[in-house]
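Participant: coords please:
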Amino acid sequence: MKNIDLSMINKLSKNVCDFFLDNIQGRDTGRFDFEDGIYINIEEYRTSDRENRKYEVHKKYYDYQYIIYGRETIETKEKQGDECSMPYDENRDIAFYNNTIPGKKNILMAGQGLIIPTDILHMPCLNINGNSEYVKKAVVKIPRELIERVL
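Facilitator: Numbering: from 1, shown residues only. Prediction:
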């Protein structure tokens, strides 16, 4: 996983880059569709304890998780002996895994993003130091074939 910025997003789609630059803080929650199968989900929520979350993984889409405001921990790891708790759902492009084996903690603040490749387990929406926070986040879903070709 690596942090990426808008110049890298611009390589994928100028329209997505413009979407970020055009008052991302004021955007309503919901799904926004773009060219080449890219879409963005804007979400608002409170972070939660690790015990209340599960790892998730995708096959078709990379995630670019960008914090609009607030902050959260996103735990990431490769699958290594992790137990699947909900098999892969082709329509939703998601499977869930138990959270018994800790991963790397990535703390993201407002204005920061993290790209998460397919097949990497990730557990977003986690508290920082046990404190629940209000977060607004954009999750850019980028088709695997597109991002591997461009980046």
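Participant: For residue 75, see how far away the spatially most central residue of the chain is.
Facilitator: For the chain, residue 65 is the residue whose C-alpha lies nearest the centre (Cα atoms, centre = their mean; 3.4 Å). Per Cβ to Cβ, to the nearest Å, residue 65 is found 12 Å from residue 75. Placement of C-beta: from N, CA and C, glycine included.
Participant: One more: residue 150?
Facilitator: Going from residue 150 to residue 75 by Cβ to Cβ gives 27 Å.
Participant: With neighbour numbers in mind, choose between these two.
Facilitator: Per other Cβ atoms under 10 Å, whichever of residue 150 and residue 75 has more neighbours is residue 75, with 18 against 12.
Participant: Show me what that one is bridged to.
Facilitator: residue 105, residue 123 (DSSP bridges).
Participant: Can you give me the buried ones in stretch 38-55?
Facilitator: Neighbour counts over stretch 38-55 (16 or more other Cβ atoms under 10 Å) mark 38, 40, 42, 45, 47, 50, 53, 55 as buried.
Participant: I'd guessed the first one sits against residue 14; true?
Facilitator: No: using Cβ atoms under 8 Å, residue 38 is not in contact with residue 14, being 11.4 Å away.
Participant: on that earlier part again, as CSV, the buried residues of stretch 38-55 with pLDDT would be great.
Facilitator: CSV is the format used below for these (pLDDT from 0 to 100):
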residue, pLDDT
38, 96
40, 97
42, 98
45, 98
47, 98
50, 96
53, 96
55, 98
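Participant: Between which two of these is the distance greatest?
Facilitator: Using Cβ to Cβ, the buried residues of stretch 38-55 span at most 29.9 Å, a distance reached by 38 and 50.
Participant: CA atoms of the helix or strand residue 45 falls within as CSV?
Facilitator: Remark: residue 45 resides in strand 39-46, with elements defined by DSSP states H and E. C-alpha atoms of strand 39-46 as CSV (Å, rounded to 0.1, in the frame of the first residue of the first chain):
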residue,chain,number,x,y,z
TYR,A,39,-16.9,5.2,-9.0
ILE,A,40,-16.7,7.0,-5.7
ASN,A,41,-18.7,6.3,-2.6
ILE,A,42,-18.9,9.2,-0.2
GLU,A,43,-19.6,8.0,3.4
GLU,A,44,-20.1,9.6,6.8
TYR,A,45,-19.8,7.6,10.0
ARG,A,46,-18.2,7.2,13.4
